[in-house]
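# coordinates for the following, if possible.
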Amino acid sequence: MFHLCFDFGGMKYFVCALIILVTSLACDRKEVSSEFQYQVDVNYIYEKHYNRDWDTSKIAEELVGKWQWLACYTSGFGGERMNCFSNEVNLELEFLKNNKMIIYKNGKTDAETWWRIEPFSDTEYKLTMPSPIRQVNGVILFYDDMVTFRNSIVDGNDNYFARISN
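Just a heads-up that it's a prediction; the model follows:
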């Protein structure tokens, strides 16, 4: 009988559409790529970060080194967190002690600029630079050789970086 369905002109397309629909509904849509492994519970990040006393010079000192951009997340509808843009670029940032920053894209020097740390609030700090890049906006939080630029507190994106070297 299944063979007969394909002999009818319009039925062939109906059966194909039905197979595609059933197959797509059966897929686990929550399956995520490996880049999502870097998302950490915000409470854990705050706990790790605020276990230390911070000021602008301590934040700057901790930021010195080379960092690999891992992922970016934003809050979606209903509080669901989702990847806000793909990792189309292998981005690394190198913060030098002289407040110079080198931006690498796909292993090549893309730009150089200066940076400094400024207060965001009484207990939080942000990065300032002449031409901001989207991955380093927001409150700076350190934990486990990682840094998060948490901008979701003002409806922006949270970006996660791992330390490559000091």
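# which stretches of this structure form helices?
In the chain, the helices defined using DSSP state H lie at 2-7, 9-26, 42-49, 56-63.
# list the buried ones in the third one?
Along helix 42-49, the positions that meet the burial threshold by neighbour count (16 or more other Cβ atoms under 10 Å) are 45, 49. Every residue, glycine included, has its C-beta placed from N, CA and C.
# please begin residue numbering at 7 from this point
Happy to do that; since the first residue is 7 now, the last one works out to helix 48-55.
# by contact count, what packs against that helix?
Here helix 48-55 touches strand 145-149, strand 152-156, going by 3 or more Cβ pairs under 8 Å, 6 or more residues apart in numbering; DSSP states H and E.
# mean neighbour count, distance to residue 171 and mean pLDDT added to those, as JSON lines?
As requested, these are arranged in JSON lines below (neighbours: other Cβ atoms under 10 Å; distance: least, Cβ to Cβ, whole Å; pLDDT from 0 to 100):
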{"stretch": "strand 145-149", "mean neighbour count": "20", "distance to residue 171": "16", "mean pLDDT": "94"}
{"stretch": "strand 152-156", "mean neighbour count": "23", "distance to residue 171": "14", "mean pLDDT": "92"}
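# now render these as a markdown table, adding distance to residue 98.
Listed next are the helices and strands packed on helix 48-55 as a markdown table, based on distance: least, Cβ to Cβ, whole Å:
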| stretch | distance to residue 98 |
| --- | --- |
| strand 145-149 | 17 |
| strand 152-156 | 13 |
